[in-house]
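Enquirer: the following comprises the amino acid sequence and a computationally predicted model.
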Amino acid sequence: GQMPVVLANKFGGVIFHEACGHLLETTSVAKKASVFHDQLGEMIASECVNAVDEGVSVNAWGSLNLDDEGMQTQNTQLIKNGKLERFIVDKMGAMQTGYERTGSGRRQNYRFAPASRMRNTYIQGGTDSVDDMIASIDKGIYASHMGGGSVQPGTGEFNFAVVEGYYVENGKIQYPVKSATLISTGPEVLKQISMVGSDFAMACGMCGSVSGSIPASVGQPTIKVDKILVGGNA
């Protein structure tokens, strides 16, 4: 059923990447295929949420000096205190939407046309402790390791497997859960985040999209989401 979930840091950020990040790329925004296409300047998340797409993070897997359209990369503040500030914009996306380019035109190689793509995309750290998050839960789940999942483009509807998770009751971890699945939408989860940890960490992977497979980093601190549909059995 619906319950609060504490999502662990680092690779937990894959949910933000898959279910929110892709919706902020002009590849889908320009076609009005993204639920966020007309929400620039609006509150799309809780006030405690800040998110960036960085092109010049030090030692990060998705960093590059120039994008594949020759533009210098920079760091793009996507969400600030819950408000949608910027989209992820390539040259074609800028022509279609009028938004400023963000140095985000990327492709796997010469066989692909560049498209707006994420680089190092993550929810930024906050001030809450993981212990406080778990202590605040009456009945819920602590998802310490996320597995694979699927996402519906445009709406950000997703289901992700929890590879390692624990049932939490009365503010204490009780026992491991098996085969749990988290089901929600990216936009809904952004609004349900109530606590943001200070333990930010990144993980790297390959991101596949219209312009091929490219290196990208995901990341987040541990976060508490007040309501996610949890499937599976304890």
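Expert: Done, it's in. No experiment lies behind these values; they were computed from the predicted model shown.

Enquirer: alpha carbons only for contacts and neighbour counts from here, please
Expert: Will do.

Enquirer: ok, which stretches of this structure are strands?
Expert: For the chain, the strands defined by DSSP state E cover 2-7, 51-54, 75-80, 83-84, 105-106, 115-116, 120-123, 139-151, 157-169, 172-185, 193-196, 201-209, 212-220, 223-233.

Enquirer: now for Gln39: which residues touch it?
Expert: Contact analysis of Gln39 by C-alpha atoms under 8 Å, 6 or more residues apart in numbering lists Leu84.

Enquirer: returning to what we had before: figure out which of the strands of the chain is closest to Gly41.
Expert: Counting by C-alpha to C-alpha, Gly41 lies closest to strand 83-84 out of those; the figure is 5.2 Å.

Enquirer: hmm, who's touching the closest one?
Expert: Against strand 83-84 from outside (C-alpha under 8 Å, 6+ apart): Gln39, Leu40, Gly41, Glu42, Met43, Ile44, Ala45, Glu47, Leu78.

Enquirer: buried among those residues? Need that as a selection in PyMOL.
Expert: Buried residues among those (16 or more other C-alpha atoms under 10 Å), as a PyMOL selection:
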select buried, resi 40+43+44+45+47+78
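
Enquirer: the contacts of strand 83-84 in helices, which ones?
Expert: Per DSSP state H, helices hold no members of the contacts of strand 83-84.

Enquirer: tell me how many other residues crowd Ser194.
Expert: 20 (other C-alpha atoms under 10 Å).

Enquirer: and Asn109, by the same measure?
Expert: Around Asn109 there are 13 residues (other C-alpha under 10 Å).

Enquirer: is the closest residue to it other than its chain neighbours bridged to anything, and to what?
Expert: Excluding its sequence neighbours, the residue lying closest to Asn109 (C-alpha to C-alpha, 6 or more residues apart in numbering) is Gly212, at 7.7 Å. Here Gly212 sits in beta bridges with Ser209, going by DSSP bridges.

Enquirer: list the contacts of Gly212.
Expert: Contacts of Gly212 by C-alpha under 8 Å, 6+ apart are Arg107, Gln108, Asn109, Phe112.

Enquirer: now it: how far from Ser194?
Expert: 35 Å (C-alpha to C-alpha, to the nearest Å).

Enquirer: what of Met133?
Expert: Met133 is 9 Å from Ser194, by C-alpha to C-alpha.

Enquirer: need the residues touching each of the two.
Expert: In contact with both Met133 and Ser194: Ile223, Lys224, using C-alpha under 8 Å, 6+ apart.

Enquirer: Pro221 contacts Ala203, correct?
Expert: No - using C-alpha atoms under 8 Å, Pro221 makes no contact with Ala203, being 11.4 Å away.

Enquirer: so for those two, which sits in the more crowded spot?
Expert: Shown here are Pro221 and Ala203; by other C-alpha under 10 Å, Pro221 has more neighbours (29 against 19).

Enquirer: so who does Gly13 touch?
Expert: Tyr122, Ile123, Met202, Val218, Gly219, Gln220.
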